[in-house]
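*Asks:* Sequence and predicted model, in that order:
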Amino acid sequence: MKKKIAAVILLLTDIGIIYIMLSSAMYIRKHILTLFFQFPEFPPINVFFFWWVFPVWLFFFAYEGLYSRRFSYWDEIKVLWKSAFFSTLAMFSILFLGKTGEHVSRTVLVTMALISLPILPVIRLNMKKFLIRTGLLSSKVLILGAGKTGKLILSAFKKDTNLGLKVVGFIDDDPEKIGGEVDGIKVHGGVDKAHKYIGRCGIEDVVIAMPGCETVRTLELINKLQHKARNILLIPDLFGITVLGTNLQHFFQEQAIGLEVRNNLARPLNVFTKRVFDWVMSMLLLFVMLLPMLVIALMIKLTSKGPVIYSQLRSGKKGRPFKCYKFRTMYNDAEQRLTDLLGSDKQAQVEWERTWKLSKDPRITWVGRLLRETSLDELPQIFNILRGEMSLVGPRPVTQDEIDEYYREQAALCFGVPPGLTGLWQVSGRSNTSYAYRIALDSWYVRNWNLWLDIVILFKTIRAVLKREGAV
């Protein structure tokens with residue numbers, strides 16, 4: 001019952017959002033855009049003139065499952081933007097087929113679509129957060145398996161609160177785990193008795209996180225729980241494979257399923273799409289940041305000797321070397337300062353060998369430290385992107401020595417694409433991550449690339465930079 005109430009509240013919220021977007025678009029069309037452009041005169045109209053807009057938008061919201069399915073935070077933003085795009089396309093189709101375009105302001109419809117990009121996610125996701133907190137959109141989850149996989153699932157649910165999944169208990173057959181706790185959540189015994197907990201505790205979702213379990217027993221568990229719980233999530237023993245863009249193939253006659261794993265960045269169309277996206281976004285970024293870059297260059301020139309731009313040879317796509325540009329953040333005698341420190345400070349030597357970075361680096365100028373903390377030192381790499389040597393998002397640009405020392409068999413995978421100005425490592429703790437973890441993130445990115453992943457990483461990078469998470 002509570003899910004139906006939540007769905008009705010979301011529906012009313014969406015109606016309110018559509019009203020706000022439409023009213024705002026009409027106001028902008030009438031009072032703001034007319035200051036800069038000339039538009040044909042329309043008879044006085046109000047929001048109710050556009051009554052047909054509401055069912056169009058609500059239809060696509062429902063069609064995309066926004067009232068019935070659970071989405072992660074970024075997936076919901078993607079679905080909302082997708083719904084906005086198709087709703088706008090449908091409205092123009094209605095005008096064309098009905099031959100009523102001369103009576104309706106198309107500028108209002110386009111403005112409404114643009115307004116929806118920030119307004120839809122902000123209002124709707126905050127309403128969902130409220131409904132989850134009140135319990136109307138939250139579900140109790142029982143995890144079968146208190147091992148490493150179960151802990152990973154618990155961590156995933158806690159990080160993405162937009163799913164509304166609250167783990168209330170673990171069940172395991174291991175005597176050493178029974179009676180213990182995982183992050184404050186009790187571990188119960190008897191996996192085969194899981195169905196009893198479902199009815200007794202109001203469990204709605206069950207996660208089977210026992211990748212080592214025999215197939216026959218797993219099937220028995222699913223058959224036993226399928227009619228007790230609303231949803232069952234099975235975590236297979238397939239860690240490390242591509243997940244984004246992987247398709248599920250059904251073989252009905254044999255009652256079997258298969259995972260179709262694609263190499264997205266091996267497809268010419270995807271490579272072209274990524275390159276166009278890089279070029280357009282880099283031009284926009286250059287236009288916005290040109291004046292700040294000139295100010296930064298002046299500050300560097302006035303506070304320390306040496307060139308404004310520093311370049312270092314890095315390994316690019318398929319091992320092709322290129323000069324990676326950065327604003328100079330170090331003193332001219334930086335290498336000598338490093339040698340002296342590593343020769344006298346054992347702790348610094350260990351840190352350098354582990355991450356190739358130092359938390360207290362004597363080579364960095366005060367302006368350079370500010371630039372590194374805000375990641376502004378990497379802005380000149382925009383020119384590397386425009387030249388096709390780098391991408392906006394990709395693996396870290398590293399030296400050949402780092403590849404020989406650390407990447408080894410992962411090098412061919414990670415550097416089959418251009419390195420990036422930003423990447424998964426920047427939004428996953430940045431300099432706080434170990435080198436091995438950075439390589440794992442780069443590998444995961446290449447295997448799972450899609451354009452939406454790039455967009456999400458760019459948004460997360462902005463947040464990480466503003467919060468200075470893991471900056472050095």
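*Replies:* Perfect, thanks for sending it. Here the structure is a predicted model, which is why all the values come from computation and not from measurement. Numbering: from 1, shown residues only.
*Asks:* hey, let's count contacts and neighbours off CA atoms from now on
*Replies:* Noted.
*Asks:* list the buried ones in stretch 122-140?
*Replies:* In terms of neighbour count (16 or more other Cα atoms under 10 Å), stretch 122-140 has its buried residues at 124-125, 127-129, 131-132, 135-140.
*Asks:* Identify, from those, the entry nearest to residue 15.
*Replies:* residue 124 (10.8 Å; Cα to Cα).
*Asks:* Can you name the helix or strand that that closest one falls in?
*Replies:* Using DSSP states H and E, residue 124 sits in helix 106-134.
*Asks:* Check the burial of the residue lying closest to residue 439 once chain neighbours are set aside by counting its neighbours.
*Replies:* Spatial nearest neighbour of residue 439, chain neighbours left out: residue 407 (6.9 Å); criterion: Cα to Cα, 6 or more residues apart in numbering. Residues within reach of residue 407, counting by other Cα atoms under 10 Å, total 19.
*Asks:* what helices or strands is the helix holding residue 124 leaning on?
*Replies:* Packing partners of helix 106-134 (3 or more Cα pairs under 8 Å, 6 or more residues apart in numbering; DSSP states H and E): helix 2-27, helix 73-98.
*Asks:* isn't residue 84 right up against residue 116?
*Replies:* Yes. With contact defined as Cα atoms under 8 Å, residue 84 reaches residue 116; the gap is 6.9 Å.
*Asks:* Near the residue lying closest to residue 29 once chain neighbours are set aside, how many other residues are there?
*Replies:* Spatial nearest neighbour of residue 29, chain neighbours left out: residue 108 (6.2 Å); criterion: Cα to Cα, 6+ apart. Neighbours of residue 108 under the rule other Cα under 10 Å: 20.
*Asks:* Now do the same contact list for residue 108.
*Replies:* 22, 25-26, 29 (Cα atoms under 8 Å, 6 or more residues apart in numbering).
*Asks:* most neighbours, which of those?
*Replies:* Going by other Cα under 10 Å, residue 22 tops these with 24 neighbours.
*Asks:* so it touches residue 51, yeah?
*Replies:* No. Using Cα under 8 Å, residue 22 is not in contact with residue 51, being 10.2 Å away.
*Asks:* ok, now which ones touch residue 385?
*Replies:* By Cα under 8 Å, 6+ apart, the neighbours of residue 385 are 278-279, 282, 391-392.
*Asks:* Pull the number of nearby residues for residue 391.
*Replies:* 26.
*Asks:* which residues touch it?
*Replies:* 275, 278, 385, 418-421.
*Asks:* can you check residue 104 too?
*Replies:* Applying Cα under 8 Å, 6+ apart to residue 104 gives the contacts residue 95.
*Asks:* Give me the mean pLDDT for the top helix by length along the chain.
*Replies:* Secondary structure of the chain per DSSP state H: the longest helix is helix 268-303. If you average the pLDDT over helix 268-303, you get 92.
*Asks:* Check stretch 201-211 too.
*Replies:* For stretch 201-211, mean pLDDT rounds to 87.
*Asks:* now do stretch 36-48
*Replies:* Summarised as a single mean, pLDDT over stretch 36-48 is 68.
*Asks:* first vs last residue of that stretch, how far apart are they?
*Replies:* 27 Å (Cα to Cα, to the nearest Å).
*Asks:* same question, stretch 391-408
*Replies:* End to end - Cα to Cα - stretch 391-408 spans 22 Å.
*Asks:* What's the mean pLDDT across it?
*Replies:* Predicted confidence along stretch 391-408 averages 85 (mean pLDDT).
*Asks:* what does stretch 186-193 give?
*Replies:* Stretch 186-193 comes out at a mean pLDDT of 87.
*Asks:* buried stuff in that stretch?
*Replies:* In stretch 186-193, the ones that count as buried by 16+ other Cα under 10 Å are 186-189, 191-192.
*Asks:* before we move on, back to that, and the buried residues of stretch 122-140, which two are furthest apart?
*Replies:* Across the buried residues of stretch 122-140, the longest distance by Cα to Cα is 22.4 Å; it joins 124 and 140.
*Asks:* need the strands for the protein, in chain order.
*Replies:* 139-144, 165-172, 181-182, 185-189, 205-208, 231-234, 247-251, 256-260, 309-315, 321-327, 391-393, 420-422 (DSSP state E).
*Asks:* any idea how far residue 80 is from residue 14?
*Replies:* Distance of residue 14 to residue 80, given as Cα to Cα: 11 Å.
*Asks:* ah, wrong one, I meant residue 139
*Replies:* Taken as Cα to Cα, the span from residue 139 to residue 80 is 22 Å.
*Asks:* possible to save the buried residues of stretch 122-140 as TSV with pLDDT?
*Replies:* As requested, these are arranged in TSV below (pLDDT from 0 to 100):
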residue	pLDDT
124	95
125	95
127	95
128	94
129	94
131	94
132	93
135	89
136	91
137	90
138	90
139	91
140	90
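*Asks:* which of these lies closest to residue 460?
*Replies:* Closest to residue 460, out of all of the buried residues of stretch 122-140 and judged by Cα to Cα, is residue 125, at 16.7 Å.
*Asks:* which residues touch that closest one?
*Replies:* Residue 125 neighbours (Cα under 8 Å, 6+ apart): residue 162.
*Asks:* one more time with 10 Å
*Replies:* Residues in contact with residue 125 (Cα atoms under 10 Å, 6 or more residues apart in numbering) are 73, 76-77, 119, 131, 162.
*Asks:* Which pair of those residues spans the longest distance?
*Replies:* Across the contacts of residue 125, the longest distance by Cα to Cα is 18.3 Å; it joins 119 and 131.
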